[in-house]
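J.: Structure for the following, please:
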Amino acid sequence: MTPSRLTKLYTALRTSGMDALALNPGPSLVYLTDLHFHLSERPVVVLFTPDADPAIVLPELEMLKLADQPMRAFPYPENPLEWEPVFRAALNSLGLDGQRIGVEPRAMRLLEFRHIQSGVPGADFPDASGVVSSLRVRKDEAEVAAMRAAVQVAQDALQTFLPLIKVGVTEKELAAELVVQLLRSGSRPEIPFAPIVSAGPNSANPHASPSDRELQPGDLLVIDWGACVDGYVSDLTRTFAVGEVDDEYVRIHQIVQDANAAGRAAAKPGTPCAGVDIAARSVIEQAGYGRYFTHRTGHGLGMEGHEDPYIRADNPQLLEPGMVFTVEPGIYLPGRNGVRIEDDIVVTDESAESLSNMERTLRVVG
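T.: Purely as a prediction, here's the structure:
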(Lines give C-alpha, C1' and ligand atoms only; values in the text may rest on other atoms or scores of the structure.)
Protein backbone atom coordinates (compact mmCIF):
# COMPACT_ATOMS: atom_id res chain seq x y z
CA MET A 1 0.00 0.00 0.00
CA THR A 2 1.26 3.51 -0.85
CA PRO A 3 -0.27 5.97 1.67
CA SER A 4 0.64 9.12 -0.25
CA ARG A 5 -1.02 7.80 -3.40
CA LEU A 6 -4.12 6.79 -1.45
CA THR A 7 -4.33 10.26 0.07
CA LYS A 8 -4.24 11.78 -3.40
CA LEU A 9 -6.87 9.29 -4.58
CA TYR A 10 -9.27 10.19 -1.78
CA THR A 11 -8.83 13.89 -2.49
CA ALA A 12 -9.55 13.28 -6.18
CA LEU A 13 -12.63 11.21 -5.35
CA ARG A 14 -14.05 13.95 -3.15
CA THR A 15 -13.33 16.58 -5.81
CA SER A 16 -15.06 14.49 -8.48
CA GLY A 17 -18.12 13.82 -6.34
CA MET A 18 -17.54 10.07 -6.22
CA ASP A 19 -18.00 8.06 -3.04
CA ALA A 20 -15.76 5.14 -3.92
CA LEU A 21 -13.52 3.56 -6.53
CA ALA A 22 -13.75 -0.10 -7.55
CA LEU A 23 -10.71 -1.65 -9.22
CA ASN A 24 -10.05 -5.13 -10.51
CA PRO A 25 -6.52 -6.48 -11.15
CA GLY A 26 -4.41 -4.26 -13.39
CA PRO A 27 -1.94 -1.38 -13.44
CA SER A 28 -4.06 1.03 -11.38
CA LEU A 29 -4.45 -1.50 -8.58
CA VAL A 30 -0.70 -2.16 -8.58
CA TYR A 31 -0.05 1.59 -8.57
CA LEU A 32 -2.17 2.13 -5.45
CA THR A 33 -1.49 -1.06 -3.50
CA ASP A 34 1.42 -2.96 -5.08
CA LEU A 35 -0.89 -5.98 -5.14
CA HIS A 36 -0.44 -8.23 -8.17
CA PHE A 37 -3.27 -10.49 -9.25
CA HIS A 38 -3.81 -11.89 -12.71
CA LEU A 39 -7.21 -11.74 -14.34
CA SER A 40 -8.82 -15.15 -14.20
CA GLU A 41 -12.17 -16.87 -13.78
CA ARG A 42 -12.00 -15.93 -10.08
CA PRO A 43 -12.96 -12.25 -9.65
CA VAL A 44 -10.93 -9.87 -7.49
CA VAL A 45 -12.17 -6.38 -6.59
CA VAL A 46 -10.74 -3.72 -4.27
CA LEU A 47 -13.08 -0.99 -3.02
CA PHE A 48 -11.54 2.35 -2.00
CA THR A 49 -13.48 4.93 0.03
CA PRO A 50 -12.12 8.09 1.67
CA ASP A 51 -13.36 7.26 5.17
CA ALA A 52 -12.38 3.60 5.63
CA ASP A 53 -9.63 1.13 4.90
CA PRO A 54 -9.94 -0.47 1.47
CA ALA A 55 -12.01 -3.64 1.24
CA ILE A 56 -10.97 -6.51 -1.00
CA VAL A 57 -13.03 -9.40 -2.33
CA LEU A 58 -10.79 -12.26 -3.39
CA PRO A 59 -10.46 -16.06 -3.54
CA GLU A 60 -9.50 -17.76 -0.30
CA LEU A 61 -6.38 -19.12 -2.01
CA GLU A 62 -5.04 -15.57 -2.51
CA MET A 63 -5.23 -14.52 1.15
CA LEU A 64 -1.48 -14.81 1.76
CA LYS A 65 -0.92 -11.86 -0.57
CA LEU A 66 -2.54 -9.58 2.00
CA ALA A 67 0.13 -9.91 4.66
CA ASP A 68 0.78 -6.49 6.24
CA GLN A 69 -1.87 -4.86 4.01
CA PRO A 70 -4.27 -2.54 5.88
CA MET A 71 -7.30 -3.98 4.11
CA ARG A 72 -10.51 -5.62 5.17
CA ALA A 73 -10.60 -8.94 3.40
CA PHE A 74 -13.72 -10.70 2.17
CA PRO A 75 -12.53 -14.09 0.90
CA TYR A 76 -14.80 -16.48 -0.97
CA PRO A 77 -14.57 -20.27 -1.55
CA GLU A 78 -14.37 -22.12 -4.87
CA ASN A 79 -18.13 -22.53 -5.36
CA PRO A 80 -19.31 -19.63 -7.60
CA LEU A 81 -22.77 -19.85 -6.03
CA GLU A 82 -21.24 -18.54 -2.81
CA TRP A 83 -19.52 -15.51 -4.31
CA GLU A 84 -22.41 -13.06 -4.57
CA PRO A 85 -23.12 -12.92 -0.81
CA VAL A 86 -19.45 -12.16 -0.18
CA PHE A 87 -19.51 -9.26 -2.63
CA ARG A 88 -22.70 -7.97 -1.03
CA ALA A 89 -21.13 -8.10 2.43
CA ALA A 90 -18.05 -6.15 1.29
CA LEU A 91 -20.10 -3.47 -0.43
CA ASN A 92 -22.56 -3.12 2.43
CA SER A 93 -19.72 -2.86 4.95
CA LEU A 94 -18.86 0.43 3.26
CA GLY A 95 -22.46 1.58 2.88
CA LEU A 96 -22.17 1.86 -0.88
CA ASP A 97 -25.73 1.09 -1.99
CA GLY A 98 -27.13 4.23 -3.59
CA GLN A 99 -23.67 5.77 -3.81
CA ARG A 100 -21.48 6.76 -6.76
CA ILE A 101 -18.83 4.07 -7.30
CA GLY A 102 -16.27 4.99 -9.94
CA VAL A 103 -14.92 2.35 -12.32
CA GLU A 104 -12.40 2.26 -15.17
CA PRO A 105 -14.45 1.26 -18.25
CA ARG A 106 -11.42 0.01 -20.17
CA ALA A 107 -10.32 -2.23 -17.31
CA MET A 108 -13.39 -3.35 -15.37
CA ARG A 109 -14.64 -6.69 -16.70
CA LEU A 110 -18.29 -7.60 -16.90
CA LEU A 111 -17.55 -10.52 -14.55
CA GLU A 112 -16.58 -8.25 -11.65
CA PHE A 113 -19.02 -5.50 -12.56
CA ARG A 114 -22.05 -7.78 -12.38
CA HIS A 115 -21.07 -8.97 -8.91
CA ILE A 116 -20.68 -5.38 -7.74
CA GLN A 117 -23.92 -4.26 -9.36
CA SER A 118 -25.92 -7.12 -7.86
CA GLY A 119 -24.56 -6.26 -4.40
CA VAL A 120 -25.56 -2.59 -4.59
CA PRO A 121 -28.44 -2.36 -7.11
CA GLY A 122 -29.10 1.27 -6.24
CA ALA A 123 -25.57 2.50 -6.93
CA ASP A 124 -24.40 4.61 -9.84
CA PHE A 125 -21.18 3.78 -11.68
CA PRO A 126 -19.52 6.87 -13.20
CA ASP A 127 -16.37 6.77 -15.32
CA ALA A 128 -13.38 7.22 -12.98
CA SER A 129 -10.73 7.14 -15.73
CA GLY A 130 -9.94 10.81 -15.20
CA VAL A 131 -9.59 10.38 -11.45
CA VAL A 132 -7.10 7.54 -11.80
CA SER A 133 -5.25 9.18 -14.67
CA SER A 134 -4.77 12.37 -12.64
CA LEU A 135 -2.74 10.29 -10.18
CA ARG A 136 -0.70 8.26 -12.65
CA VAL A 137 0.00 10.81 -15.40
CA ARG A 138 2.84 12.61 -13.60
CA LYS A 139 5.70 10.24 -12.88
CA ASP A 140 7.97 10.66 -9.87
CA GLU A 141 11.75 10.20 -9.95
CA ALA A 142 11.60 6.48 -9.28
CA GLU A 143 9.07 5.93 -12.06
CA VAL A 144 11.13 7.94 -14.55
CA ALA A 145 14.25 6.01 -13.52
CA ALA A 146 12.47 2.72 -14.23
CA MET A 147 11.35 3.97 -17.65
CA ARG A 148 14.84 5.23 -18.43
CA ALA A 149 16.11 1.74 -17.63
CA ALA A 150 13.39 0.19 -19.81
CA VAL A 151 14.51 2.38 -22.71
CA GLN A 152 18.13 1.35 -22.24
CA VAL A 153 17.21 -2.34 -22.11
CA ALA A 154 15.24 -1.97 -25.34
CA GLN A 155 18.08 -0.16 -27.10
CA ASP A 156 20.65 -2.69 -25.92
CA ALA A 157 18.46 -5.53 -27.16
CA LEU A 158 18.08 -4.00 -30.61
CA GLN A 159 21.78 -3.32 -30.99
CA THR A 160 22.47 -6.99 -30.26
CA PHE A 161 19.68 -8.02 -32.62
CA LEU A 162 20.59 -5.92 -35.68
CA PRO A 163 23.35 -8.20 -37.04
CA LEU A 164 20.77 -10.98 -37.32
CA ILE A 165 18.80 -9.10 -39.97
CA LYS A 166 19.42 -10.69 -43.36
CA VAL A 167 17.70 -10.92 -46.72
CA GLY A 168 15.55 -14.05 -46.73
CA VAL A 169 14.78 -14.08 -43.01
CA THR A 170 11.06 -13.80 -42.23
CA GLU A 171 9.41 -11.12 -40.14
CA LYS A 172 8.22 -13.78 -37.68
CA GLU A 173 11.71 -15.16 -37.23
CA LEU A 174 13.09 -11.71 -36.51
CA ALA A 175 10.29 -10.85 -34.08
CA ALA A 176 10.90 -14.04 -32.13
CA GLU A 177 14.62 -13.34 -31.90
CA LEU A 178 13.98 -9.77 -30.75
CA VAL A 179 11.87 -11.05 -27.86
CA VAL A 180 14.75 -13.31 -26.83
CA GLN A 181 17.18 -10.38 -26.91
CA LEU A 182 14.81 -8.22 -24.83
CA LEU A 183 14.71 -10.87 -22.12
CA ARG A 184 18.47 -11.37 -22.25
CA SER A 185 19.05 -7.63 -21.96
CA GLY A 186 17.01 -7.41 -18.78
CA SER A 187 13.34 -6.91 -19.66
CA ARG A 188 10.72 -8.52 -17.50
CA PRO A 189 8.87 -11.30 -19.35
CA GLU A 190 5.75 -9.11 -19.43
CA ILE A 191 6.97 -7.01 -22.36
CA PRO A 192 4.54 -4.19 -23.16
CA PHE A 193 3.54 -5.58 -26.57
CA ALA A 194 4.62 -8.12 -29.14
CA PRO A 195 7.28 -6.47 -31.33
CA ILE A 196 6.19 -5.18 -34.72
CA VAL A 197 8.65 -6.29 -37.39
CA SER A 198 7.30 -5.33 -40.82
CA ALA A 199 9.05 -4.92 -44.14
CA GLY A 200 8.20 -3.72 -47.63
CA PRO A 201 4.43 -3.43 -48.20
CA ASN A 202 3.76 -4.64 -44.65
CA SER A 203 5.65 -1.64 -43.26
CA ALA A 204 2.92 0.59 -44.68
CA ASN A 205 0.56 -0.88 -42.06
CA PRO A 206 1.29 0.94 -38.79
CA HIS A 207 0.16 -2.01 -36.63
CA ALA A 208 1.20 -4.91 -38.84
CA SER A 209 1.68 -8.33 -37.29
CA PRO A 210 4.92 -10.14 -38.20
CA SER A 211 4.27 -12.50 -41.10
CA ASP A 212 6.03 -15.25 -43.02
CA ARG A 213 7.17 -12.72 -45.60
CA GLU A 214 10.92 -12.84 -46.18
CA LEU A 215 12.99 -9.65 -46.23
CA GLN A 216 13.89 -8.52 -49.73
CA PRO A 217 16.44 -6.04 -51.08
CA GLY A 218 14.90 -2.58 -51.36
CA ASP A 219 12.57 -3.03 -48.38
CA LEU A 220 12.15 -0.54 -45.63
CA LEU A 221 12.03 -2.40 -42.32
CA VAL A 222 10.02 -0.96 -39.43
CA ILE A 223 10.80 -2.31 -35.96
CA ASP A 224 8.55 -1.20 -33.09
CA TRP A 225 9.55 -2.74 -29.75
CA GLY A 226 9.70 -2.10 -26.03
CA ALA A 227 10.86 -3.46 -22.68
CA CYS A 228 9.56 -3.56 -19.12
CA VAL A 229 11.61 -2.78 -16.00
CA ASP A 230 10.11 -2.70 -12.49
CA GLY A 231 6.63 -2.56 -13.97
CA TYR A 232 7.30 0.43 -16.27
CA VAL A 233 7.64 0.24 -20.03
CA SER A 234 9.37 1.70 -23.06
CA ASP A 235 8.11 1.94 -26.63
CA LEU A 236 10.48 2.72 -29.52
CA THR A 237 10.48 2.51 -33.30
CA ARG A 238 13.25 2.74 -35.86
CA THR A 239 13.15 2.19 -39.62
CA PHE A 240 15.97 0.54 -41.56
CA ALA A 241 16.87 0.03 -45.22
CA VAL A 242 17.38 -3.53 -46.41
CA GLY A 243 20.21 -2.88 -48.83
CA GLU A 244 19.82 -0.03 -51.30
CA VAL A 245 16.36 1.55 -51.42
CA ASP A 246 14.63 3.96 -53.84
CA ASP A 247 15.36 7.67 -53.50
CA GLU A 248 11.77 8.41 -52.46
CA TYR A 249 12.11 6.10 -49.47
CA VAL A 250 15.30 7.85 -48.42
CA ARG A 251 13.43 11.15 -48.76
CA ILE A 252 10.39 10.15 -46.69
CA HIS A 253 12.65 8.76 -44.00
CA GLN A 254 14.36 12.16 -43.74
CA ILE A 255 10.96 13.88 -43.61
CA VAL A 256 9.84 11.63 -40.74
CA GLN A 257 13.15 12.17 -38.98
CA ASP A 258 12.61 15.93 -39.23
CA ALA A 259 9.04 15.57 -37.99
CA ASN A 260 10.22 13.54 -35.03
CA ALA A 261 12.76 16.24 -34.18
CA ALA A 262 10.09 18.95 -34.46
CA GLY A 263 7.74 17.05 -32.14
CA ARG A 264 10.47 16.53 -29.58
CA ALA A 265 11.47 20.19 -29.73
CA ALA A 266 7.87 21.35 -29.17
CA ALA A 267 7.50 19.42 -25.91
CA LYS A 268 7.78 21.52 -22.75
CA PRO A 269 5.67 22.39 -19.70
CA GLY A 270 2.56 24.36 -20.59
CA THR A 271 2.47 23.24 -24.22
CA PRO A 272 -0.82 21.58 -25.22
CA CYS A 273 -0.56 17.99 -26.37
CA ALA A 274 -2.04 19.30 -29.62
CA GLY A 275 0.98 21.55 -30.07
CA VAL A 276 3.37 18.60 -30.20
CA ASP A 277 1.16 16.81 -32.72
CA ILE A 278 0.86 19.88 -34.90
CA ALA A 279 4.61 20.54 -34.81
CA ALA A 280 5.40 17.04 -36.08
CA ARG A 281 2.46 16.79 -38.47
CA SER A 282 3.15 20.14 -40.16
CA VAL A 283 6.58 18.94 -41.30
CA ILE A 284 5.02 15.98 -43.08
CA GLU A 285 2.15 18.03 -44.49
CA GLN A 286 4.48 20.71 -45.86
CA ALA A 287 6.47 17.99 -47.60
CA GLY A 288 3.30 16.81 -49.37
CA TYR A 289 2.79 13.56 -47.48
CA GLY A 290 0.17 14.66 -44.96
CA ARG A 291 -2.47 12.15 -46.05
CA TYR A 292 0.01 9.34 -45.47
CA PHE A 293 0.41 10.17 -41.75
CA THR A 294 -2.66 8.36 -40.51
CA HIS A 295 -2.41 8.33 -36.70
CA ARG A 296 -1.79 10.61 -33.72
CA THR A 297 1.77 11.68 -33.00
CA GLY A 298 2.03 9.87 -29.69
CA HIS A 299 0.60 8.50 -26.47
CA GLY A 300 1.48 8.42 -22.81
CA LEU A 301 3.69 5.75 -21.26
CA GLY A 302 4.03 4.37 -17.77
CA MET A 303 2.80 1.12 -16.33
CA GLU A 304 0.93 0.68 -19.61
CA GLY A 305 2.05 1.08 -23.19
CA HIS A 306 -0.86 3.42 -23.94
CA GLU A 307 -2.12 5.84 -21.30
CA ASP A 308 -2.57 9.59 -20.80
CA PRO A 309 -1.50 12.01 -22.15
CA TYR A 310 -2.47 11.41 -25.78
CA ILE A 311 -0.53 13.50 -28.31
CA ARG A 312 -3.17 14.32 -30.90
CA ALA A 313 -4.26 17.49 -32.66
CA ASP A 314 -7.54 17.89 -30.76
CA ASN A 315 -6.18 17.42 -27.24
CA PRO A 316 -5.85 20.70 -25.28
CA GLN A 317 -4.35 19.00 -22.21
CA LEU A 318 -1.26 20.90 -21.08
CA LEU A 319 2.02 19.07 -20.62
CA GLU A 320 3.33 19.02 -17.05
CA PRO A 321 6.65 17.96 -15.52
CA GLY A 322 6.75 14.21 -15.04
CA MET A 323 4.56 13.34 -18.00
CA VAL A 324 6.07 10.69 -20.28
CA PHE A 325 4.90 10.09 -23.83
CA THR A 326 5.99 8.99 -27.28
CA VAL A 327 6.69 11.10 -30.37
CA GLU A 328 6.21 8.77 -33.34
CA PRO A 329 5.35 10.40 -36.67
CA GLY A 330 5.18 8.20 -39.75
CA ILE A 331 4.58 8.08 -43.48
CA TYR A 332 2.88 5.00 -44.91
CA LEU A 333 2.67 4.46 -48.68
CA PRO A 334 0.04 1.71 -49.21
CA GLY A 335 1.34 -1.35 -51.00
CA ARG A 336 4.89 -0.01 -51.03
CA ASN A 337 6.81 0.93 -47.87
CA GLY A 338 6.44 2.82 -44.63
CA VAL A 339 8.53 4.78 -42.13
CA ARG A 340 8.06 5.48 -38.42
CA ILE A 341 10.54 6.92 -35.91
CA GLU A 342 9.52 6.85 -32.25
CA ASP A 343 11.14 8.18 -29.10
CA ASP A 344 10.12 8.32 -25.44
CA ILE A 345 9.96 11.82 -23.94
CA VAL A 346 9.76 12.99 -20.32
CA VAL A 347 8.68 16.55 -19.54
CA THR A 348 11.08 18.29 -17.15
CA ASP A 349 10.64 21.45 -15.09
CA GLU A 350 11.75 23.68 -17.95
CA SER A 351 11.73 21.62 -21.16
CA ALA A 352 11.70 17.94 -22.09
CA GLU A 353 14.22 15.13 -22.42
CA SER A 354 14.31 12.20 -24.80
CA LEU A 355 14.90 9.05 -22.79
CA SER A 356 15.93 7.32 -26.02
CA ASN A 357 19.04 8.27 -27.93
CA MET A 358 19.51 5.50 -30.51
CA GLU A 359 20.48 6.92 -33.90
CA ARG A 360 17.55 7.98 -36.03
CA THR A 361 19.25 8.16 -39.43
CA LEU A 362 18.43 5.57 -42.11
CA ARG A 363 20.74 2.67 -41.36
CA VAL A 364 21.36 -0.05 -43.95
CA VAL A 365 20.96 -3.63 -42.71
CA GLY A 366 20.92 -7.05 -44.27
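J.: any idea how far residue 108 is from residue 304?
T.: Applying C-beta to C-beta, to the nearest Å, one obtains 15 Å for the distance of residue 304 from residue 108. No exception for glycine: its C-beta is placed from N, CA and C like everyone else's.
J.: Contact partners for residue 307?
T.: The neighbourhood of residue 307, defined by C-beta atoms under 8 Å, 6 or more residues apart in numbering, consists of 133, 136-137, 299-301.
J.: Just among those, which is most surrounded?
T.: By neighbour count, taken as other C-beta atoms under 10 Å, the most surrounded of the contacts of residue 307 turns out to be residue 301 (28 neighbours).
J.: How many residues are close by the nearest residue to it once chain neighbours are set aside?
T.: Counting by C-beta to C-beta, 6 or more residues apart in numbering, residue 301 lies nearest to residue 324, which is 4.8 Å off, once chain neighbours are set aside. For residue 324, the neighbour count with other C-beta under 10 Å is 26.
J.: could you pull out the helices for this protein?
T.: 3-16, 27-33, 83-93, 110-119, 129-136, 141-161, 171-185, 247-266, 273-286 (DSSP state H).
J.: how many neighbours does residue 181 have?
T.: Number of residues near residue 181 (other C-beta under 10 Å) recorded here: 22.
J.: so it makes contact with residue 157?
T.: Yes. Between residue 181 and residue 157 a contact is recorded at 4.1 Å, counting by C-beta atoms under 8 Å.
J.: Please identify every residue contacting each of the two.
T.: What both residue 181 and residue 157 touch, as defined by C-beta under 8 Å, 6+ apart, is an empty set.
J.: Just the pLDDT at residue 142, thanks.
T.: With respect to pLDDT, residue 142 scores 97.
J.: Can you name the residues that contact the residue nearest to residue 301?
T.: Neighbour list for residue 324: 139, 144, 147, 300-302, 344-347, 355 [criterion: C-beta under 8 Å, 6+ apart].
J.: List just the nearest of these to residue 57.
T.: Proximity of the contacts of residue 324 to residue 57 (C-beta to C-beta) peaks at residue 302, which lies at 26.5 Å.
J.: Now do the contacts for the closest one.
T.: For residue 302, the residues meeting the contact criterion (C-beta under 8 Å, 6+ apart) are 27, 136-137, 139, 143, 147, 232-233, 324.
J.: Next: residue 82.
T.: In this structure, residue 82 makes contact with residue 76, judged by C-beta under 8 Å, 6+ apart.
J.: so what's it scoring on pLDDT?
T.: Model confidence at residue 82, expressed as pLDDT, equals 97.
J.: same question, residue 67
T.: Per-residue pLDDT puts residue 67 at 87.
J.: Equivalent analysis for residue 3, please.
T.: Per the predicted model, pLDDT is 86 at residue 3.
J.: before we move on, what about residue 161?
T.: In the predicted model, residue 161 carries a pLDDT score of 97.
J.: That one and residue 175 touch, don't they?
T.: No. Using C-beta under 8 Å, residue 161 and residue 175 do not qualify as a contacting pair, with a distance of 10.1 Å.
J.: of the two, who's got more company?
T.: When neighbours are counted by other C-beta under 10 Å, residue 161 comes out ahead of the other of residue 161 and residue 175, with 22 against 19.
J.: Distance-wise, check that one relative to residue 355.
T.: When distances are taken as C-beta to C-beta, residue 161 and residue 355 turn out to be 20 Å apart.
J.: Rebuild the contacts of residue 307 as TSV, extending it with pLDDT.
T.: Conversion of the contacts of residue 307 to TSV gives the following (pLDDT from 0 to 100):
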residue	pLDDT
133	97
136	97
137	98
299	98
300	98
301	98
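J.: neighbours of the nearest residue in space to residue 32 that is not next to it in sequence, just the number please.
T.: By the measure of C-beta to C-beta, 6+ apart, the closest residue to residue 32 outside its immediate chain neighbours is residue 5, 5.5 Å from it. Residue 5 is flanked by 16 other residues according to other C-beta under 10 Å.
J.: do the same with residue 177
T.: 18.
J.: which residues does the residue nearest the centre of the chain contact?
T.: For the chain, the residue sitting closest to the mean C-alpha position, by C-alpha atoms, centre = their mean, is residue 305 at 1.6 Å. With contact taken as C-beta under 8 Å, 6+ apart, residue 305 is in contact with 192-193, 226, 233, 235, 299.
J.: Please apply the same query to residue 256.
T.: Applying C-beta under 8 Å, 6+ apart to residue 256 gives the contacts 239, 284, 329-331, 339-341.
J.: Can you redo the residues you listed as TSV, where the extra columns are distance to residue 204 and neighbour count?
T.: Supplementary listing: the contacts of residue 256 in TSV, determined by distance: C-beta to C-beta, whole Å; neighbours: other C-beta atoms under 10 Å:
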residue	distance to residue 204	neighbour count
239	12	27
284	15	23
329	15	28
330	9	28
331	9	25
339	9	30
340	10	25
341	15	25
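J.: Most widely separated two among those?
T.: When the contacts of residue 256 are compared pair by pair using C-beta to C-beta, the maximum separation belongs to 239 and 284, at 14.2 Å.
J.: ok, and the closest non-adjacent residue to residue 39?
T.: residue 25 (5.4 Å).
J.: Model confidence for that neighbour, exactly?
T.: The predicted local distance difference test score for residue 25 is 97.
J.: cool, and the one 3 residues further on?
T.: The predicted local distance difference test score for residue 28 is 98.
J.: do the one 4 residues further on as well
T.: pLDDT recorded at residue 32 is 97.
J.: and what of residue 177?
T.: Among the per-residue scores, residue 177 holds a pLDDT of 98.
J.: any idea how far the nearest residue to it once chain neighbours are set aside is from residue 242?
T.: Spatial nearest neighbour of residue 177, chain neighbours left out: residue 164 (5.6 Å); criterion: C-beta to C-beta, 6+ apart. Noted for residue 164: a distance of 13 Å to residue 242, by C-beta to C-beta.
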